[in-house]
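K.L.:
A structural model of the following input is requested.
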Amino acid sequence: DDAVSYRIILKNSAGVTQFDKDRIASIGSTQVQSFNSIAALRLRSGTTIANAAKTLGYYAAGDGGGNSFYWDSTSTATDNAGTVIKPTSVSGAGRWLAINIDNINVKQFGAKGDGITNDADAIQQALNTGKDLIGGSGNYVINKSLYIKTPGQKIIGLGRISMSAALGKPAIMVGAKDEAGTKSDEQVWRVKIDGLEIYGSGTRTAGSAGISLVSCSQCDFGVDIRLFHAGVRVDGVCIANAFYQPTIIQNTYGLYDPSGNPLTSDIQATVFLGGRIESNEREGLYIASPNLKFVGCVIEGNGLFGGGDGSTPEVTILASATSGSISFSECYMESLSGKSADSIISIAPSASKLVFITGGTYFGSNDKNKFLVKIQPTASTVVGVMLSNVAMSSCINYVSGVISGNSRVCVVNSFPDADVALKTNVTVGIGLPMIQQIDRTYWYTNQNVAIEKVTADVELVAPLVTSTGTVNTPYVVSTSTVFGATMF
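P.N.:
This next block holds a predicted model:
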């Protein structure tokens, strides 16, 4: 039976055992030898008949690192301590080669996953094969950055990667070709990492990160990242990636994207679908790249973890080399009580971004001292905030700030817990800015959009909103019931 291993015992006529060998199989003219470890396999070369081998473990039988090999007498492939094994007695050709190299696990390369042993080199050897790493779940401690350089590689069910954040290094770099983080020779496409926890420990030193995006596109990440300086850090041009149900909590920053330069460091067209970005020391999202989408995400409780003093909002949208949109759809955001930050989302000075908020719930906390969005001075002349079907609670107003130039602020069919109007906290500056609101049973817009250009003189002499929030003439207000779409 080719599927069965045998124990062979040879005795002489007196019944004395002359040969006793366990776990031997005979498959036609092929003899399958069985070994408890890779070290034992290295001591044996193959032959024409003894040309197959099975290891029952990597270090010892049953440790999860077993594999099946065949003997190739002509191979000179480099020993990688996993799928290519060179016997110690061989000086030239002759290698044990793994039969199945499409799906491997890191324990077949000597990783232990015991939460103690440094497994960095073993895991990197497995990654360097470019093959999919499936299973082998454990707690793998590493002391250096792992890098993924092969397009299409999958890492599924690995368990946990543990690294000291005090080292100031990323745990995993996607699109790098060496430990230093050098950009790969070609952009890495369609990598998939799923079911992986990446945990830091110790001081969250700047530079440490769960995942560093170096040069990748159309990659999928289903990860749980905690206790680094950045959960996800942007270190290169990496577009159109997707994070599925990520957990990014208890880092200094959740998503750290400070540049947004399309030539050097940018993640535009990346989407986050569901998941939790919460309880980070500073912002959950610190983002400069344009054209990002967050769908069904929970973003809350950021700014107070660890040494957080509550002065940062949940989201900061930064100025960058290019304009574009940031979209939040059906998200839940909450700014906890005790924070001094006066908004849930902050648009930084000079940030030329269009912020779409569609659906979802936004809770300003029981302090009731926060705006949903604040446009920080000095604002860009091209900034937009568009809210539709938003449920807002315990906030002063939807938006606060001065808009000018070609900027736009628009609220449609949204639901605050008290009547709030943009006209009390949004000031119109120089240019042709537009404010629109269709809310509950009334609508209004600033009249100057259609009638006159706001000049510096008008702004200085007759501000559109007084210090007490009284509406001045440049607004048109209707208390009529709104039916369907209203065009301004």
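K.L.:
drop to CA atoms for contacts and neighbour counts, all remaining ones
P.N.:
Will do.
K.L.:
where do the helices sit along the stretch 101-250 of the chain?
P.N.:
With DSSP state H, counting those that start in this stretch as the criterion, the stretch 101-250 of the chain has helices at 120-128.
K.L.:
what's near enough to touch Gly222?
P.N.:
Contacts for Gly222 (C-alpha atoms under 8 Å, 6 or more residues apart in numbering) come out as Ile193, Asp194, Gly195, Leu196, Phe243, Tyr244, Gln245, Pro246.
K.L.:
just curious, which of those is nearest to Ile85?
P.N.:
Ile193 (27.5 Å; C-alpha to C-alpha).
K.L.:
Tell me the confidence at the closest one?
P.N.:
In this model, Ile193 is scored at 98, pLDDT.
K.L.:
Wait, it touches Asp220, no?
P.N.:
Yes. In this structure, Ile193 is within contact of Asp220 by C-alpha atoms under 8 Å, at 6.4 Å.
K.L.:
Restricted to strands, list the contacts of Gly222.
P.N.:
Using DSSP state E, the subset of those located in strands is Ile193, Asp194, Gly195, Leu196, Phe243, Tyr244.
K.L.:
Tally up the residues packed near Thr48, please.
P.N.:
Per other C-alpha atoms under 10 Å, the neighbour tally for Thr48 reads 12.
K.L.:
Quick one: list the elements packing against the one helix or strand Ile435 maps to.
P.N.:
Taking DSSP states H and E as the definition, one finds Ile435 inside strand 434-439. Under the contact definition 3 or more C-alpha pairs under 8 Å, 6 or more residues apart in numbering; DSSP states H and E, strand 434-439 sits against strand 408-412, strand 442-446.
K.L.:
Give me the mean pLDDT for that strand.
P.N.:
Mean pLDDT, strand 434-439: 79.
K.L.:
Distance to Gly136 and neighbour count for the contacts of Gly222 - can I get that in TSV?
P.N.:
Shown next, in TSV, are those (distance: C-alpha to C-alpha, whole Å; neighbours: other C-alpha atoms under 10 Å):
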residue	distance to Gly136	neighbour count
Ile193	14	19
Asp194	13	21
Gly195	12	18
Leu196	12	19
Phe243	23	20
Tyr244	22	16
Gln245	22	19
Pro246	21	22
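K.L.:
Could you export those residues as CSV, including distance to Tyr286?
P.N.:
Listed next are the contacts of Gly222 as CSV, based on distance: C-alpha to C-alpha, whole Å:
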residue, distance to Tyr286
Ile193, 23
Asp194, 24
Gly195, 25
Leu196, 23
Phe243, 16
Tyr244, 19
Gln245, 19
Pro246, 16
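K.L.:
List just the nearest of those residues to Ile267.
P.N.:
Phe243 (12.0 Å).
K.L.:
what bridges to that closest one?
P.N.:
Beta bridges link Phe243 to Phe221, Phe272, judged by DSSP bridges.
K.L.:
How confident is the prediction for it, by pLDDT?
P.N.:
pLDDT for Phe243: 98.
K.L.:
what does Glu186 give?
P.N.:
For Glu186, the pLDDT comes out at 92.
K.L.:
and if you look at Ser337?
P.N.:
pLDDT, read off for Ser337, is 85.
K.L.:
re the thing from before, how about the ones in strands among the contacts of Gly222 in JSON lines, adding distance to Asp63?
P.N.:
Supplementary listing: the ones in strands among the contacts of Gly222 in JSON lines, determined by distance: C-alpha to C-alpha, whole Å:
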{"residue": "Ile193", "distance to Asp63": "24"}
{"residue": "Asp194", "distance to Asp63": "23"}
{"residue": "Gly195", "distance to Asp63": "21"}
{"residue": "Leu196", "distance to Asp63": "21"}
{"residue": "Phe243", "distance to Asp63": "33"}
{"residue": "Tyr244", "distance to Asp63": "32"}
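K.L.:
Nearest to Val409, out of those: which one, please.
P.N.:
When the ones in strands among the contacts of Gly222 are compared for distance to Val409 (C-alpha to C-alpha), Phe243 comes out closest, at 29.3 Å.
K.L.:
which ones are touching that closest one?
P.N.:
By C-alpha under 8 Å, 6+ apart, the contact set of Phe243 is Asp220, Phe221, Gly222, Val223, Val271, Phe272, Leu273.
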